[in-house]
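Q: need a structure here:
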Amino acid sequence: MFNELAKASLLIFLAELGDKTQILAMAFALQYSVGQVLLGVALGSFFNHGLAVIIGSYLANLIPLSAIRLASAVMFLAFGLWNLWSDEEHLNGGQKALGNPVLVVALAFFLGELGDKTQLTAIALASSAAFPAAVLAGTVLGMVLISLGGIFVGTQLGERIPELALKLISSLVFIGFGLINLSQTVPERFLTPVNAGLFLAALGAVVLLGTAGLLRQRTSGSQGELRRMARQLQALDRLLGEICLGEANCRAERCPVGYCKKLIKAELSGAGQKRRPPVVQPYVQRGQSFNRRKLEEALALLEKSGVAPELYAELKTNLEKLLRPL
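A: From the prediction side, this is the model:
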């Protein structure tokens, strides 16, 4: 039994090296967590190979394989276009895409592997196996292991590539597989140059419109984030005005309050990138006591501001100085 399991795992692993399984796993890893993708691969492979092991070559008599592969092609195209056209909320919350992420991945792998060499390998192995369950377990294990490579690449890309680019990559992967499956399943009499040209032109227009929408969404989102940050900094500046002791001998930027107000003013005016270290580090004079409640409110406001890390660190350091009276 162990030999059949190991043999099935090895054959599936070798058969899928560099195949669409790894690319699909990579694309899903750009959208979902590693655990969700692996569980989806395991479920989809289990049902796909289970079907092969149980009814083998009778599959074509129950459901036309060409019809199932056509449904697979349509699903890939639909998922790619949906992903491309989904709004920013789905970009940041892809785990809710099309319902349960595990089921999405499982369905994609189930349909994607129907009639593929992986399923044919499972049929061949099961036909001469003493332990069909071991063959099924081995083929599923092989699919999970080969998918790990694609998932690793996907997670690494996810950490280095902007979200917009990730969305475009994953969408184009699914659209590409959809087109490949369509070309293999659509009857030849329909695959005329005119039909193919019209279909590709329409699909290209939809993709271009979706990409343009993403770019507009990103631009408006960036502008909205900048406006939100500006409002937060303005509120922080007003709060610092209330924290200021208003002493007759104002030390301006040598006081942490004055220095923070100067940093905020520079950031709001767009000159924050040219900021130079202060000649004299701001300090609190002996006997000065600032309103602790308002200082804690200012720190909480700073936490939500979303300013650049360097500015955040400098503002926080100087605000915390005011919490430590001499």
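Q: residues in contact with the closest residue to residue 4 other than its chain neighbours?
A: Nearest non-adjacent residue to residue 4, counting by C-beta to C-beta, 6 or more residues apart in numbering: residue 134, 4.4 Å away. Backbone N, C-alpha and C define where each C-beta goes, glycine included. Shown in contact with residue 134 (C-beta atoms under 8 Å, 6 or more residues apart in numbering): 1-2, 4-5, 8.
Q: please check those and keep the buried ones.
A: 4-5, 8 (16 or more other C-beta atoms under 10 Å).
Q: which is the next helix or strand following the helix or strand containing residue 206?
A: Element membership of residue 206 [criterion: DSSP states H and E] is helix 193-243. Sequence order places helix 256-269 as the next helix or strand after helix 193-243, per DSSP H and E.
Q: among the buried ones among the contacts of residue 134, which are in helices?
A: Per DSSP state H, helices hold the following members of the buried ones among the contacts of residue 134: 4-5, 8.
Q: rebuild the residues you listed as CSV, extending it with distance to residue 296 and pLDDT.
A: Listed next are those as CSV, based on distance: C-beta to C-beta, whole Å; pLDDT from 0 to 100:
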residue, distance to residue 296, pLDDT
4, 66, 74
5, 61, 81
8, 62, 73
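Q: so can I have TSV of those residues showing distance to residue 104?
A: Listed next are those as TSV, based on distance: C-beta to C-beta, whole Å:
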residue	distance to residue 104
4	31
5	28
8	26
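Q: closest to residue 167 among the residues you listed?
A: Nearest to residue 167 among these: residue 8, at 36.0 Å, using C-beta to C-beta.
Q: was I right about that closest one contacting residue 133?
A: No - checked against C-beta atoms under 8 Å, the pair residue 8 and residue 133 is beyond contact range at 10.7 Å.
Q: need the next SSE after the worst-scoring helix or strand of the chain on mean pLDDT, C-terminal direction.
A: Of all helical and strand segments in the chain, the minimum by mean pLDDT, DSSP states H and E falls on helix 88-92, at a mean of 43. Heading C-terminal from helix 88-92, the first helix or strand you meet, by DSSP H and E, is helix 101-112.
Q: buried residues in that following helix?
A: 101-102, 104-112.
Q: with respect to residue 286, which of those residues is nearest?
A: residue 101 (59.2 Å).
Q: the closest one and residue 43, how far apart?
A: Separation of residue 101 from residue 43 (C-beta to C-beta, to the nearest Å) stands at 11 Å.
Q: I'd like to check the angle between whichever strand or helix holds the residue nearest to residue 4 and helix 101-112, please.
A: Counting by DSSP H and E, the element that carries residue 134 is helix 132-160. Counting by axes from the mean of the first three to the mean of the last three C-alpha atoms, to 10 degrees, helix 132-160 lies at 120 degrees to helix 101-112.
Q: may I see the buried residues of helix 132-160?
A: For helix 132-160, by 16+ other C-beta under 10 Å, it's 132, 134-144, 146-151, 153-154, 157.
Q: for it, the distance to its chain's centre please.
A: 18 Å (C-alpha atoms, centre = their mean, to the nearest Å).
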